[in-house]
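Enquirer: got a structure for you, letters missing:
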């Protein structure tokens, strides 16, 4: 976690790499380790339903969201033709400039789809805070 936080500071991120989730998980783990062998469960009858709720409610909410969001007008853009888009941009760049597409920028989701699917394997350019980062994609 220390390495992640230091790396985030060096590249100018305001949070550790991975977001806040590692901090929450590692903080809870530190509390359990500090408590030692004497953790007392005061309300054992609540632990089982809470545990099953934590395991079953997120997948159930995902299924409900998949069916309910289109009815509410929220588009689920999981069917973007990434390979066709990448091929179009790659061939268009190659035809116009005579070189393979070196870098892709723009909307982070669409740019990432193009980078993953493009035959020339370009790099991904995105802006993070006040610094611009180029993620190389070779392989």
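Expert: Okay, I see it. Here the structure is a predicted model, which is why all the values come from computation and not from measurement.
Enquirer: Can I take it that residue 124 is in a strand?
Expert: Yes. Applying DSSP: H, G, I helix; E, B strand; the rest coil, one finds residue 124 inside a strand.
Enquirer: right, and it touches residue 102 too?
Expert: No. Using Cβ atoms under 8 Å, residue 124 makes no contact with residue 102, being 11.1 Å away. To be clear about C-beta, it is placed using only N, CA and C from the backbone, and glycine gets the same treatment.
Enquirer: out of those two, which sits in the more crowded spot?
Expert: Applying other Cβ atoms under 10 Å to residue 124 and residue 102 shows that residue 124 carries more neighbours, namely 19 against 13.
Enquirer: ok, now how distant is the more buried one from residue 114?
Expert: 9 Å (Cβ to Cβ, to the nearest Å).
Enquirer: intersection of neighbour lists for the two?
Expert: Counting by Cβ atoms under 8 Å, 6 or more residues apart in numbering, the common neighbours of residue 124 and residue 114 are residue 104.
Enquirer: State the mean pLDDT of the longest helix belonging to the chain.
Expert: Longest helix in the chain, counting residues (DSSP state H): helix 44-68. For helix 44-68, mean pLDDT is 88.
Enquirer: what packs against the helix or strand following it?
Expert: Next helix or strand after helix 44-68 toward the C-terminus (DSSP states H and E): helix 82-97. With contacts defined as 3 or more Cβ pairs under 8 Å, 6 or more residues apart in numbering; DSSP states H and E, the packing partners of helix 82-97 are helix 108-117.
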